[in-house]
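J.: 3D model of this:
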Amino acid sequence: MRIVKVDTKKQFKEFIRFPYKIYSKSGPWVPHLLSDITEMFSKDRNPFWLHAKKQLFLAYDSKDCVIGRIAAIVDHNYIAFHGFKCGFFGFFECFDNTETANLLFLSVENWLKEQNIYKMIGPVNPSTNYECGFLSHGFEMAPSLMMPYNPRYYLYLAEQYGLIKVKELYAYNMDIVADERASKLEKIVTMVRKKLPMLEVKSMKKSSFEKDLESVIYIYNSAWEKNWGFVPLNKEEFKAIVKKMKMLIDPKLVIIASFRGLPIGMLISLPDYNQVLQKLNGKLFPFGIIKFLYYRKKIDNLRLMIMGVVKEYRHKGIEAVMCEEGLKNALKVGYKHCELSWVLDDNIMTQRTAEMMKGKLYKKYMIYSN
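T.: Residues are numbered from 1 along each chain as shown. Prediction:
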C-alpha cells in the first residue's frame with residue numbers, strides 16, 4: 001500500500017471518480033455531477049481557494065488500484081475569524097480497511113504539521129459552508145441536496161484512528177400539509193405583526209435578485225457569526241455559490257424579513273434536486289440534460305437549508321412569520337416533504353422550532369477531531 005499526493009490530471013480523475021467504487025447504483029448514495037466536483041477543486045473557478053489551500057491524497061494497493069482518498073485543507077479565513085489554528089480533512093472515501101484509513105488520516109495530519117497546524121477537524125468538504133459530517137443515523141434514506149452520505153463503517157474507521165466526536169448535526173423531516181400548524185402559525189404571526197407593524201416579509205423576486213442577494217449576504221454573515229464552525233462568506237464566494245444554484249432556486253421559497261428597511265432575517269429552501277441527480281449518475285451531457293428536464297418536474301421534496309435572524313431581532317417571533325410565508329408558498333407549488341438541515345446539537349431554539357412544525361429527527365451527522 002502507498003499514499004501519493006495528487007499532482008497529475010490522471011490522479012485527479014481517479015480522485016473524483018473513486019466514490020463510484022464504494023457505492024452501489026441501487027443504494028441511497030447520490031453522485032454529484034462530475035463537472036461540479038471538478039469545479040469545486042478549481043482555483044480559477046472556486047473563489048474559496050483564494051483564501052484556502054489543499055492537498056489531495058490517494059491510497060493505492062499493490063496492484064496500483066485506488067483504495068482510498070482524502071483531502072487536507074487549510075482555510076485562512078477560518079483561522080483569522082476564530083483566532084484558532086486549525087486544519088480540516090474532507091472528501092474522505094475508503095474501503096473498509098483500518099490500515100488504509102489510518103494512513104490517509106495520518107497523511108493529512110502530517111501535511112497540516114508542515115503548515116504548522118496541529119489541530120484537525122472533519123470531514124468538511126471543503127468548509128462548514130458546504131457539505132460536512134459523517135452520516136451516523138439514517139443510512140437507509142438518500143441524502144437531500146448538498147448533504148453527505150457515507151457507509152456506516154466510516155465512523156468506525158475514524159474512531160479507530162483515534163478521532164473523537166466534537167459536534168453532532170441534526171436533520172429533521174416534516175410533511176408539508178395544511179394542518180393545525182398553519183393555524184398555530186397564523187395566530188403567532190398576528191401577534192408579531194401587532195408588535196412589529198414595520199416588519200416586512202417577502203419572497204425574493206427575479207427582478208430584484210441582485211439587491212436581494214446583498215441582503216442575503218448581510219443576514220448570513222450577521223446571524224450565524226457565533227455558530228460553531230462558522231466562517232463568513234465573502235461576496236465573491238457567495239456570488240459563486242448563488243451563480244451555481246441560480247437555476248435551482250425557486251424565488252418563492254427564499255423569504256427575506258426586514259424591519260424599517262433593514263434586512264434582519266431569511267429562510268431559504270431549495271427543491272431537493274438530489275431526486276434528479278440520482279438519475280444522472282454524475283453526468284449531465286449528452287443525455288443527462290433530458291433526464292434533468294424531465295425529472296425536475298417531479299421533485300416533491302424541499303431542503304430548508306437556511307433559517308436565521310440577526311441577534312437584535314431574535315425571540316420576537318420573526319422565524320414564525322417567515323415559516324408561515326414559506327409554508328404557504330410551498331403548499332401552492334405542491335411540495336410534499338421538507339428536510340430542515342443541518343441543525344447544531346446545541347441549537348435548542350431551532351430544534352424546538354422544528355418540533356413545533358412536527359419535524360422528526362431522522363438523520364444525524366458527526367464531526368470529528370484529533
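J.: Could you report the neighbour count for I164?
T.: With neighbours defined by other Cβ atoms under 10 Å, the count for I164 comes to 10. (Each C-beta comes from the backbone N, C-alpha and C, glycine too.)
J.: go on, the one 5 residues further on?
T.: Here the number of neighbours of L169 (other Cβ under 10 Å) works out to 25.
J.: how close does G90 sit to P286?
T.: As for G90, its distance to P286 is 31 Å (criterion: Cβ to Cβ, to the nearest Å).
J.: Among those two, which residue is more densely surrounded?
T.: More crowded of G90 and P286, by other Cβ under 10 Å: G90, with 22 against 7.
J.: tell me which helix or strand of this structure sits lowest on mean pLDDT?
T.: The weakest-scoring helix or strand in the chain, judged by mean pLDDT, DSSP states H and E, is helix 235-245 (a mean of 79).
J.: Next one: S183 from I255, what distance?
T.: Using Cβ to Cβ, one obtains 19 Å as the distance from S183 to I255.
J.: Revised request: answer the last question for K328.
T.: When distances are taken as Cβ to Cβ, K328 and I255 turn out to be 10 Å apart.
J.: More neighbours: the two, which one.
T.: Shown here are K328 and I255; by other Cβ under 10 Å, I255 has more neighbours (24 against 15).
J.: if we can go back for a sec, who are the packing partners of the least confident helix or strand of the chain?
T.: With contacts defined as 3 or more Cβ pairs under 8 Å, 6 or more residues apart in numbering; DSSP states H and E, helix 235-245 has these neighbours: helix 209-223.
J.: Which of the residues in the helix it packs on are classified as buried?
T.: By neighbour count with 16 or more other Cβ atoms under 10 Å, helix 209-223 contains the buried residues 212-213, 215-217, 219-223.
J.: Present those as a markdown table; the columns should include pLDDT and distance to W342.
T.: Output for those, formatted as a markdown table (pLDDT from 0 to 100; distance: Cβ to Cβ, whole Å):
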| residue | pLDDT | distance to W342 |
| --- | --- | --- |
| D212 | 80 | 24 |
| L213 | 79 | 23 |
| S215 | 85 | 23 |
| V216 | 85 | 19 |
| I217 | 85 | 20 |
| I219 | 91 | 18 |
| Y220 | 88 | 15 |
| N221 | 89 | 18 |
| S222 | 88 | 20 |
| A223 | 85 | 15 |
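J.: number of nearby residues for P263?
T.: Under the neighbour criterion other Cβ under 10 Å, P263 is assigned a count of 20.
J.: What of E140?
T.: Counted with other Cβ under 10 Å, E140 comes out at 6.
J.: next one: S107
T.: Using other Cβ under 10 Å, S107 is surrounded by 21 other residues.
J.: Now for it: which residues touch it?
T.: Residues in contact with S107, defined by Cβ atoms under 8 Å, 6 or more residues apart in numbering, are 3, 57, 70, 72.
J.: okay, now the third one: neighbour count?
T.: To tie it back to what came earlier, the one meant is I70. Taking other Cβ under 10 Å as the criterion, the count of residues near I70 is 27.
J.: Specify the local secondary structure of L304.
T.: Remark: L304 carries the secondary structure label strand [criterion: DSSP: H, G, I helix; E, B strand; the rest coil].
J.: Next, find the distance separating the residue lying closest to L34 once chain neighbours are set aside from K311.
T.: Among residues not flanking L34 along the chain, G282 sits closest, at 4.6 Å (Cβ to Cβ, 6 or more residues apart in numbering). When distances are taken as Cβ to Cβ, G282 and K311 turn out to be 41 Å apart.
J.: Those two - which one has more neighbours?
T.: G282 (18 against 12).
J.: isn't the more buried one right up against W29?
T.: No - G282 sits out of contact with W29 when judged by Cβ atoms under 8 Å, with a separation of 11.0 Å.
J.: Report the contact partners of L104.
T.: So, once contact is read as Cβ under 8 Å, 6+ apart, L104 ends up touching 3, 57, 59, 68-70, 92, 94.
J.: What about those residues, which are in strands?
T.: Helix and strand membership here follows DSSP state E; of the contacts of L104, those in strands are 3, 57, 59, 68-70, 92, 94.
J.: could these go into CSV alongside distance to S24 and pLDDT?
T.: Shown next, in CSV, are the ones in strands among the contacts of L104 (distance: Cβ to Cβ, whole Å; pLDDT from 0 to 100):
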residue, distance to S24, pLDDT
I3, 26, 98
F57, 25, 98
A59, 21, 98
G68, 18, 98
R69, 18, 98
I70, 22, 98
F92, 19, 98
C94, 16, 98
